[in-house]
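Asks: quick one: sequence and predicted model below, then my questions.
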Amino acid sequence: MKALLSIDYTHDFIATDGALTTASAGQSIEEQMVQVTKAFIEQGDFVVFAIDAHQVEDHYHPENKLFPPHNLIGTKGQELYGALKQLYIQNQTNPQIYWLNKRHYSAFSGTDLDIRLRERNITELHLTGVCTDICILHTAVDAYNLNYKIVIHQNAVASFDPVGHQWALNHFQHTLGATIV
């Protein structure tokens, strides 16, 4: 069984005026993000929207030393971006769709993701979203350590760092044994 993890495709990471935007790099993958997500929904596969969820002035969170406030819970910044937002709204009551607020880079860190995947006998994870070299990477490393097969949709991942993006794609394939499609 397979599942799609759609990671952090939100206003703050994609919109031109987003707090921590990938801008054109993230915007350029929108059509592919929607196509892949729609295909998984139509096939009845489990689709997880794993979305950064930060609190205002969380003085204990290490990201606050590295990045400006972003994806604040309850703000426009945490909402899905563009056509993916519309696809989610149309399908959010589908029991195969799961919204997962995450506090750390990895969708597994401090969440019930592994439990939800295992109870559905899922062994293969398809990853899309941003940032290739941050949240996608950390989620993929945890997935590898939990013995999931990893598939990265190359045209549905992006970063604000082109060098980091390329490095991560290489790392997925040659260090984590991921399939790049």
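Replies: It's in.
Asks: how near is residue 146 to residue 176?
Replies: Distance, residue 146 to residue 176, using Cβ to Cβ, to the nearest Å: 12 Å. Glycine gets a C-beta too; all of them are placed from N, C-alpha and C.
Asks: with neighbour numbers in mind, choose between these two.
Replies: residue 176 (16 against 13; other Cβ atoms under 10 Å).
Asks: pull the longest strand from the chain.
Replies: Counting by DSSP state E, the longest strand found in the chain is strand 149-158.
Asks: buried residues, that one. List them.
Replies: Buried residues in strand 149-158, defined by neighbour count with 16 or more other Cβ atoms under 10 Å: 150, 151, 152, 153, 156, 157, 158.
Asks: so where do the helices sit in the protein?
Replies: 11-14, 24-27, 30-42, 82-91, 113-119, 137-145, 162-174 (DSSP state H).
Asks: closest to residue 68 out of the ones you listed?
Replies: helix 11-14 (9.3 Å; Cβ to Cβ).
Asks: and the closest one, how far out from the chain middle?
Replies: Relative to the mean C-alpha coordinate of its chain, helix 11-14 is positioned 12 Å out (Cα atoms, centre = their mean, to the nearest Å).
Asks: how about residues contacting it?
Replies: 18-23, 26-27, 30, 52, 70-71, 76-82, 130-131 (Cβ atoms under 8 Å, 6 or more residues apart in numbering).
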